[in-house]
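S.K.: Could you work out the structure for the sequence below:
(chains A and B)
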2 protein chains.
Amino acid sequence: MTGATDSLIGAVDLGGTKILSVVVTASGEVAGEDLRPTNAEAGPDAVLGRIRDSLRAALSQAGANARLNALGVAAPGPIDFARGMVVEAPNLPGWRNVPVAARLGEMLGCPAILENDANAAAWGEFIAGAGRDARNLVYLTVSTGIGGGLVLDGTLYRGSDGAAGELGHIPLVDDGARCGCGARGCLEALASGTAIARQAAQAVADGRAPRLADLAAGGEITAEVVHQAARDGDTAARDIIDQAGRHLGSGLVAITNIFNPDLIVIGGGTAKIGPLLLDPALERLRAAALRPARDRVKVEPAALGDRAGALGVVALAREAAGRA
Amino acid sequence: MTGATDSLIGAVDLGGTKILSVVVTASGEVAGEDLRPTNAEAGPDAVLGRIRDSLRAALSQAGANARLNALGVAAPGPIDFARGMVVEAPNLPGWRNVPVAARLGEMLGCPAILENDANAAAWGEFIAGAGRDARNLVYLTVSTGIGGGLVLDGTLYRGSDGAAGELGHIPLVDDGARCGCGARGCLEALASGTAIARQAAQAVADGRAPRLADLAAGGEITAEVVHQAARDGDTAARDIIDQAGRHLGSGLVAITNIFNPDLIVIGGGTAKIGPLLLDPALERLRAAALRPARDRVKVEPAALGDRAGALGVVALAREAAGRA
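M.R.: Numbering: from 1, shown residues only, chains lettered A, B, ... in the order given. Just a heads-up that it's a prediction; the model follows:
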């Protein structure tokens, strides 16, 4: 193991429910990996301690005396990229202006950077996943929320505050459903897992979705459950997913007309619903986007899956360490 | 005039109704200028001849023996940037795959480049207009159509085919008004001069807009006429402009959330309606865009007015000539 451990890079993808840590060698091999629950309710200090433990567990797999040369952390936005700070995180209670990069860098004894998780995943897919042949790539994550990352002319585009790429907050329906952000009719309020679950709960309450009611059995209705009901032939569940897919398609139209990208990569848990959600989206894209952009754009599932964020932030941390 | 004419750059902004030519010295002074009607109905060959004549007229103001070192042409999209070709132009009948750069370069005896007019205007405002202090600037032109240009991290972003920045074709209303592009509910179908005029004609036909009917007097209803009626107190005209302004605001929300820009510059003839159109747009932007992007973004009128495209393409032609 000696030699290979000379330039290990650590990466963490911090989510509302899970912490994923990986340790990668100079040649890009994954030398260690650890996945554990975030236990977000314990607050920032406890979670930062868990991240340290998770990284140490991954690091120990790389060799007895292995140490990190640099660390990258991907976290849900909005983040302050320049100061390495989580500004606010809807899924992490109590996180406000937490200097994640500085604190973890100190704990692990190496330089650390912080990146928005969707940006990190976009970069991961660009350098090592579905977008290896692309110059212009838009990453769209469809999950409890909807986020995005932008690789334009081969560079990660962050915007003036590191807050660019909020593709879930394109307003698509005038005076539409209320979004978590406070506005109305955002893509996220129409096509996220949360939006699908909310409409399904309404359908059950209205007595319009018998199979869905059976499956939920009085418990929480998730997008997963709606998907199961749709596969079982529940018409209301199918319609809800189909409508979400068409709104997702309007999002793809906007992205295509605005960016004229080579590739849109779709990741996130809700996207795993697959064709029932994605077919109506692609149909709308093909019908409504402008030429030549619509002839150019490919739409592909994320190739790196849940590791995209961690692998992206490894590369960004390596770059930053090279510049320092 | 000798000496100053050593490195003259010519620029043309080709529109559906007007050709604007300028000739600029190395130090950036406008040494000659010519404006004439396009007479688009005469077809591409005749229009290219008129552009040559217009450039020669502008050039003659710069000195008796003045010649161009490089030429930039701004034309309505979609264009093929790499091949210097107008692919298609809704406002220029018969233009399909016209090799504008090659033909004008040959006529004028200098290297020539072609750029999309909104991109050229964005670049003009960035280097010499409202965006001189910006790093991330989005230019939005609100005219008979709605177009855009993107300056991101200080570089003009063109997309994979030179077709990026089609901000008029963000779908904002599900199943909304039919757009010229064939889709429904695009920003352009809701807030362009054409959209305002179309709704006004409907209001007149329905007998809902007496002052507007008087002003139009059986003639064509333009956005200008609607604006005049609104100032005269016609409630229907005022409501139409107000509603267009709110849709424009949704466009500004999308732009702000996607790009987190320093600045959005608004140009184009319809934007000259001013506060009746722009106040409701800004109100929606402030109410619905995400922090920190909405706190960052400034919205300003184009500073270079009708010259933005020509001055932008001068700079792009100079750069291209410097690289060649």
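S.K.: can you tell me the residue of the stretch 1-150 of chain A closest to chain B?
M.R.: Closest contact between the stretch 1-150 of chain A and chain B, by C-beta to the nearest C-beta, is at A:N136 (5.2 Å). Any C-beta I mention is one placed from the backbone N, CA and C, and that applies to glycine too.
S.K.: Next up, the contacts around the nearest residue to that residue once chain neighbours are set aside.
M.R.: Closest residue in space to A:N136, ignoring its immediate chain neighbours: A:P261 at 4.2 Å, by C-beta to C-beta, 6 or more residues apart in numbering or on different chains. Applying C-beta atoms under 8 Å, 6 or more residues apart in numbering or on different chains to A:P261 gives the contacts A:134, A:136-138, A:255, A:293, A:296-297, B:159-160.
S.K.: Nearest to B:D175 among the residues you listed?
M.R.: Among the contacts of A:P261, A:I255 lies closest to B:D175 (C-beta to C-beta), at 19.7 Å.
S.K.: Next, the contact list for the closest one, please.
M.R.: Per C-beta under 8 Å, 6+ apart, neighbours of A:I255: A:138, A:140, A:148, A:167, A:261, A:264.
S.K.: Pretty sure the first one sits in a strand.
M.R.: It stands for A:V138. Yes. Judged by DSSP: H, G, I helix; E, B strand; the rest coil, A:V138 forms part of a strand.
S.K.: So for stretch A:253-271, mean pLDDT?
M.R.: Averaged across stretch A:253-271, pLDDT comes to 97.
S.K.: Can I get that stretch as PDB, trimmed to CA atoms?
M.R.: Extracted as PDB, the C-alpha positions of stretch A:253-271 are listed here (Å, rounded to 0.1, in the frame of the first residue of the first chain):
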ATOM      1  CA  VAL A 253     -37.100  22.300 -23.000                       C
ATOM      2  CA  ALA A 254     -36.000  25.300 -21.000                       C
ATOM      3  CA  ILE A 255     -32.500  23.800 -20.400                       C
ATOM      4  CA  THR A 256     -32.100  22.900 -24.100                       C
ATOM      5  CA  ASN A 257     -33.200  26.300 -25.400                       C
ATOM      6  CA  ILE A 258     -31.100  28.100 -22.800                       C
ATOM      7  CA  PHE A 259     -27.900  26.100 -22.900                       C
ATOM      8  CA  ASN A 260     -27.800  24.300 -26.300                       C
ATOM      9  CA  PRO A 261     -25.900  21.500 -24.400                       C
ATOM     10  CA  ASP A 262     -24.500  18.300 -25.800                       C
ATOM     11  CA  LEU A 263     -26.000  16.300 -22.900                       C
ATOM     12  CA  ILE A 264     -28.400  16.500 -20.000                       C
ATOM     13  CA  VAL A 265     -27.600  13.900 -17.300                       C
ATOM     14  CA  ILE A 266     -30.500  13.000 -15.100                       C
ATOM     15  CA  GLY A 267     -29.800  11.600 -11.600                       C
ATOM     16  CA  GLY A 268     -31.500  11.400  -8.300                       C
ATOM     17  CA  GLY A 269     -33.800   8.900  -6.600                       C
ATOM     18  CA  THR A 270     -37.100   9.900  -8.100                       C
ATOM     19  CA  ALA A 271     -35.600   9.600 -11.600                       C
END
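S.K.: Quick check: buried residues in it?
M.R.: A:253-268, A:270-271 (16 or more other C-beta atoms under 10 Å in any protein chain shown).
S.K.: cool, stretch A:104-117 as well?
M.R.: Within stretch A:104-117, the residues that count as buried by 16+ other C-beta under 10 Å are A:104-105, A:107-108, A:110-117.
S.K.: what's the answer for stretch A:196-208, then?
M.R.: Along stretch A:196-208, these residues count as buried under the neighbour rule (16+ other C-beta under 10 Å): A:196-201, A:203-204, A:208.
S.K.: Dump these into TSV; add distance to B:A177, secondary structure and pLDDT as well.
M.R.: Shown next, in TSV, are these (distance: C-beta to C-beta, whole Å; DSSP: H, G, I helix; E, B strand; the rest coil; pLDDT from 0 to 100):
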residue	distance to B:A177	secondary structure	pLDDT
A:I196	28	helix	97
A:A197	32	helix	97
A:R198	28	helix	96
A:Q199	26	helix	96
A:A200	31	helix	96
A:A201	33	helix	95
A:A203	30	helix	95
A:V204	35	helix	94
A:R208	31	coil	92
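S.K.: Can you show me the helices along chain A?
M.R.: A:44-60, A:100-108, A:117-128, A:187-191, A:193-205, A:210-216, A:223-231, A:235-259, A:275-288, A:293-296, A:308-323 (DSSP state H).
S.K.: Including distance to B:I19, could these go into TSV?
M.R.: Shown next, in TSV, are the helices of chain A (distance: least, C-beta to C-beta, whole Å):
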stretch	distance to B:I19
helix A:44-60	61
helix A:100-108	54
helix A:117-128	42
helix A:187-191	41
helix A:193-205	49
helix A:210-216	62
helix A:223-231	55
helix A:235-259	28
helix A:275-288	33
helix A:293-296	28
helix A:308-323	47
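S.K.: give me the residue from the stretch 201-324 of chain A nearest chain B.
M.R.: For the stretch 201-324 of chain A, C-beta to the nearest C-beta, closest residue to chain B: A:N260, 2.7 Å.
S.K.: Does the helix or strand bottoming out on mean pLDDT in chain A reach chain B?
M.R.: Every helix and strand in chain A was compared by mean pLDDT, DSSP states H and E; the lowest is strand A:79-80, with a mean of 86. No. Using C-beta under 8 Å from any C-beta of the partner chain, strand A:79-80 stays clear of chain B, coming no nearer than 8.5 Å.
S.K.: got a list of contacts for that strand?
M.R.: A:85-87, A:114-116, A:161-162.
S.K.: ok, so of these, who is nearest B:A302?
M.R.: Nearest member of the contacts of strand A:79-80 to B:A302, counting by C-beta to C-beta, is A:D161, at 24.3 Å.
S.K.: neighbours around that closest one, how many?
M.R.: 21 (other C-beta atoms under 10 Å in any protein chain shown).
S.K.: could you list every residue that touches it?
M.R.: Applying C-beta under 8 Å, 6+ apart, the residues near A:D161 are A:78, A:80, B:260, B:292-293, B:296.
S.K.: Which entries within those meet the buried criterion?
M.R.: Counted by 16+ other C-beta under 10 Å, those give A:78, A:80, B:260, B:292-293, B:296 as buried.
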